[in-house]
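1. Need coordinates for the below:
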Amino acid sequence: MSTTSTSTRARTTTTTGPGTAPPLPADLEQVLRRMRLPYLRTAAPEVLATAKAQRWDPAEVLRVLLDEEVRGRDEATRAMRRKAAGLPAGKTFASWREADSSIPAPFQSALAALEWVHRAENLAISGPSGTGKTHFVEALAHKVIDEGMRVSWFTLESLTTAIGRAAVDGTVSKVLARITRAELIVVDDIGMLPSGQAAAEAFYRLVDATYERRSLAVTSNIHPSGYDTIMPKTLATAAVDRLLHHAHVIITEGTSLRLAEATTGRGVIPLT
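-> Okay, here's the model as predicted:
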């Protein structure tokens, strides 16, 4: 019997109601605590009661209990990685309206498959404000985490601050090494605010650190070829050269989706 089907059986055919199964013996519970198996320990009373009532094979019981531990740990790891990533708004593909986006549907599907992340390729999305750039990239970031990988999310301003602080105490290399432990690094909304030498240096350092090693996704209302209009030209040119060498470049079009929601009343819950 597969792990998935066994777990489903344990959860759906339990003969005792929730919380009515006899508790684990104190010594067994203590052992599970010492072994740091919290999810197995929580599930064990109900699983053991069901196993006894239905005369499960011992191997099946062990399989179900271990599956509960693995499932719980995976969920906890994903939650921890979402928090560590610093994702901005909780936007996922569940709230993404594919038909409203100017990104061709085949491109959306291909990017959501995440093969480009596994190949350490980049993604550059540019276009007018409100055309879904940040929502789409955040949805991709959530999917990256769901598939067991890590994400680091920045705006250009927060990246500049992080690298600037590291420069003061001589830990730039250490900070970049920590950032690039993530399989996907995002720099959102480049060009929304004026960028000076410090921002250009921070961006270049990140692009150079991720080049051919990690995936970097950027969003901007300016095409990457125009970054030299908001950053010092030499640094911008060097950064963009590396960024675009292995990049999927997408340009969004149309009017603001946020404005459309506002004017049609879809941006709020109606007052009663």
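2. all contacts plus neighbour counts: C-alpha atoms, from now on.
-> Will do.
3. pull the longest helix from this protein.
-> helix 58-85 (DSSP state H).
4. Can you mark which positions in that helix are buried?
-> Residues of helix 58-85 classed as buried by neighbour count (16 or more other CA atoms under 10 Å): 60-61, 63-69, 78, 81-82, 85.
5. same deal with stretch 165-174?
-> By neighbour count on 16+ other CA under 10 Å, the buried set for stretch 165-174 is 166, 172.
6. Helix, strand or coil: sort out Ile250 for me.
-> Three-state call for Ile250 (DSSP: H, G, I helix; E, B strand; the rest coil): strand.
7. Okay, and the beta partners of it?
-> On the basis of DSSP bridges, Ile250 is bridged to Ile125.
8. Who are the contact partners of it?
-> If you count contacts by CA atoms under 8 Å, 6 or more residues apart in numbering, Ile250 has them with 103, 123-126.
9. By neighbour count, which of those residues wins?
-> Ile125 (25 neighbours; other CA atoms under 10 Å).
10. my guess is that residue meets Ile251, correct?
-> Yes: with contacts counted by CA atoms under 8 Å, Ile125 reaches Ile251, the gap being 5.7 Å.
11. Mind listing the shared neighbours of these two?
-> His223.
12. what mean pLDDT would you report for the longest helix of the chain?
-> The pLDDT scores in helix 58-85 average 93.
13. Other residues contacting the helix or strand just after that helix?
-> Counting by DSSP states H and E, the element after helix 58-85 in chain order, helix or strand, is helix 105-112. Residues from elsewhere that reach helix 105-112, judged by CA under 8 Å, 6+ apart: 98-99, 140, 143.
14. Show me what counts as buried in helix 105-112.
-> 111-112.
15. what's the helix or strand following that helix in contact with?
-> Sequence order places helix 115-118 as the next helix or strand after helix 105-112, per DSSP H and E. Contacts to helix 115-118, defined as CA under 8 Å, 6+ apart, come from residues 122, 183-184, 214-215.
16. The residues you listed: which two are farthest apart?
-> Using CA to CA, the pair of the contacts of helix 115-118 lying farthest apart is Asn122 and Glu183, separated by 11.0 Å.
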